[in-house]
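Undergrad: Have a look at this prediction, sequence included:
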Amino acid sequence: MSITLEATEKSYGSGFTLGPITTTIGRGVTCLIGANGAGKSTLIRLLSGTEHPTAGRVTLTIAGSTAAVASQRGRIGYMPQEFAFPGRATCYDFLYYTAWLRKVGKADRTGAVTRCLDEVGLGDRAAAAIRTLSGGMRRRLCLAQALVHDPPVLLLDEPTAGLDPVQRVAIRDVVAALAGDRTVVYSTHLVEDIRGLDGTVMALRDGQVTFRGTHAELAASVTRDGSLEQGLLQVLGV
């Protein structure tokens, strides 16, 4: 499975333009890194089909069948940077309702909710009201809502934003465990997140892709003895 961008652009009245970008994102984790305002959230929304490109196109290919992502949103799990939860609902009830919205069959909903709560480490919080959860737990619940319909594509926009180092590691570990049979795009501005996830690194700067490759290739792009951090500083223009 893969997502392909073909000369994809998104322009805004403010003057900011993302792209053009031509690339294919395949199975495993792609870490999308850039400073705030680089275009990460815009790219995630284009990949999710919640926004349409100004030019070019974005397509999703699964089992040899290719279609525009806007027509395949049921196969995509999207974790936005901000999410408004119904605070009085329990984790279970919220996810059950989300499963219904995502067209999970009635006979499968309880199992789907239980599965994704366990996957994000909230199995023991199923009956807890969302308003009682810590910030880290809420981020994990936000990840769970993206997983409840078991999508082959997972798009995560700053999943560790606002979390402490221990909570960030917990989220990273969950994502790493999920990535084996999925296409995952993990947006972040934190070098620590990149270091903790194997896969591809894609760097954005002012709406343009400045690097795409492995951790080793990024480190080697500076000097023979370069580090991952030095490589990121270079491609991000810091």
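TA: Yep, that arrived. Residues are numbered from 1 along each chain as shown.
Undergrad: Could I get the average pLDDT for stretch 16-34?
TA: The pLDDT scores in stretch 16-34 average 94.
Undergrad: same question, stretch 220-228
TA: Taken as a whole, stretch 220-228 has a mean pLDDT of 61.
Undergrad: Which pLDDT value goes with the residue positioned nearest the centre of the chain?
TA: Nearest to the centroid of the C-alpha atoms of the chain, with distances taken as CA atoms, centre = their mean, sits Leu156, at 1.8 Å. Note on Leu156: pLDDT of 95.
Undergrad: Assess the claim that it and Arg182 are in contact.
TA: No - the criterion here is CB atoms under 8 Å, and Leu156 misses it with Arg182 at 11.0 Å. Just so you know, the C-beta spots here come from the backbone N, C-alpha and C atoms, and that holds for glycine as well.
Undergrad: Who does the residue nearest to the centre of the chain form a beta bridge with?
TA: Taking DSSP bridges as the rule, Leu156 bridges to Met79, Tyr186.
Undergrad: Strands of the chain, residue ranges please.
TA: In the chain, the strands defined using DSSP state E lie at 2-11, 17-25, 28-33, 55-62, 65-68, 76-79, 153-157, 183-188, 200-205, 208-214.
Undergrad: Now the fifth one: buried residues?
TA: Judged by neighbour count (16 or more other CB atoms under 10 Å), strand 65-68 contains no buried residues.
Undergrad: Strand partners (parallel or antiparallel) of it?
TA: The strands beside strand 65-68 in its sheet (DSSP bridges) come out as strand 55-62 (antiparallel).
Undergrad: quick check: mean pLDDT across the partner strand?
TA: For strand 55-62, mean pLDDT is 95.
Undergrad: now that strand and strand 153-157, what's the angle there?
TA: Using axes from the mean of the first three to the mean of the last three CA atoms, to 10 degrees, the direction of strand 55-62 lies 130 degrees away from that of strand 153-157.
Undergrad: Please list the outside residues in contact with strand 55-62.
TA: 1-9, 19-22, 46-47, 49, 66-69, 72, 75-76, 152-153 (CB atoms under 8 Å, 6 or more residues apart in numbering).
Undergrad: quick check: angle from that strand to strand 183-188?
TA: 130 degrees.
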